[in-house]
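Undergrad: Please work out how this folds:
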Amino acid sequence: MPTLPRTLAAVALLMATQTACAHPRPTTPEAARLVRIEVIDRDTGGVLPQHRHRREAWVAGEDGQPYTLRLTNLGSTRVLVVLSVDGVNVVTGESADPAQSGYVLAPYASAEIDGWRKSMQEVAAFRFSHAGDSYAARTGRPFDLGVIGAAVFREARAEEPWPMPAPPIAERQRAQAAPAAEALADAAAGAPSPISPLGTAHGERRWSPSARTRFERASARADELIALRYDRHEALVARGVIRFERQPWLARKPRAFPGGFVPDP
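TA: Model (predicted):
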């Protein structure tokens, strides 16, 4: 197998969210991770809960819903994140491979990736969509819909590690209020989705300035590989990802004669 080039011109975001911002010291099992990925509903600003199922992480989306990917560097040195959606590199538009270009994150920094990069100033927004309207399907690659991927690389000959900044109160509270869905144990395999999978469309243009930087990988092999899957809420229920007991009206069969008189609505 040929040796992959380790030095490349990567993209460093110049957005305000990418500047070194404080985050709480991660605890196990996140302590062993290099990068955290969150899916943000752009309409509400809320983080979509991640549901654990059979050693996979899932989020529920809806057709037309705009979203942003928030990447957070959990360590004290720079990292390169080669990011893919539906099997497509979000920077270059190529079928994704860890050897390609990606985003560079400063120590303890966060960046919000709004869409498919069109230039150093603009992206085409991410929107959940019907499979046929997804960017991957429209470019002849409909085989890997419903997955967000990240290949994370440490930097060779990195500068001295940055000190861990003190977390602001809001960040501490957000870290302590972990979604209840994270505590779900693995469920039995559910039925496959009865409808077409969800994909990500090539949406409207958005301003997202960036700059080029050089990054030398410590290794040709990624130090961390992350896969975050997504589909519609009803599809996740059908798969057993979202459990019925979390929805009382689906926890039992409806009764024709539950008793009692007609109450006021």
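Undergrad: any low-confidence regions in the stretch 1-150 of the chain?
TA: In the predicted model of the stretch 1-150 of the chain, residues 1-31 satisfy pLDDT under 70.
Undergrad: all strands for it, in order.
TA: Applying DSSP state E, counting those that start in this stretch to the stretch 1-150 of the chain gives strands spanning 7-13, 35-41, 51-53, 56-61, 66-73, 79-85, 88-89, 103-105, 110-113, 115-117, 122-130, 147-154.
Undergrad: List the neighbouring strands of the fourth one plus their orientation.
TA: The partner list of strand 56-61 in its sheet, established with DSSP bridges, is strand 51-53 (antiparallel), strand 224-232 (parallel).
Undergrad: which one of those strands has the lowest average pLDDT?
TA: Lowest mean pLDDT of the strands paired with strand 56-61: strand 51-53, a mean of 92.
Undergrad: Touching, I40 and P49? I think so.
TA: No - using Cβ atoms under 8 Å, I40 and P49 do not qualify as a contacting pair, with a distance of 11.9 Å. In this view, the C-beta of every residue, glycine as well, is placed from N, C-alpha and C.
Undergrad: ok, the two, which is more surrounded?
TA: For I40 versus P49, neighbours defined as other Cβ atoms under 10 Å are more numerous around I40 (19 against 15).
Undergrad: need the contact list for the more buried one.
TA: I40 is in contact with 46-48, 67-70, 112, counting by Cβ atoms under 8 Å, 6 or more residues apart in numbering.
Undergrad: go again using 7 Å as the cut-off
TA: By Cβ atoms under 7 Å, 6 or more residues apart in numbering, I40 lies in contact with 47, 67-68, 70, 112.
Undergrad: Are any of the residues you listed buried, and if so which?
TA: Those of those that meet the buried threshold are 67-68, 70, 112, by 16 or more other Cβ atoms under 10 Å.
Undergrad: hmm, back to that, got TSV for the strands paired with strand 56-61, with distance to F126 and mean neighbour count too?
TA: Below are these laid out as TSV (distance: least, Cβ to Cβ, whole Å; neighbours: other Cβ atoms under 10 Å):
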stretch	distance to F126	mean neighbour count
strand 51-53	20	20
strand 224-232	11	19
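Undergrad: In JSON lines: these, plus distance to R36.
TA: Shown next, in JSON lines, are the strands paired with strand 56-61 (distance: least, Cβ to Cβ, whole Å):
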{"stretch": "strand 51-53", "distance to R36": "15"}
{"stretch": "strand 224-232", "distance to R36": "9"}
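Undergrad: before we move on, back to that, so which of the strands of the stretch 1-150 of the chain gets nearest R214?
TA: Closest of the strands of the stretch 1-150 of the chain to R214 is strand 7-13, at 6.1 Å (criterion: Cβ to Cβ).
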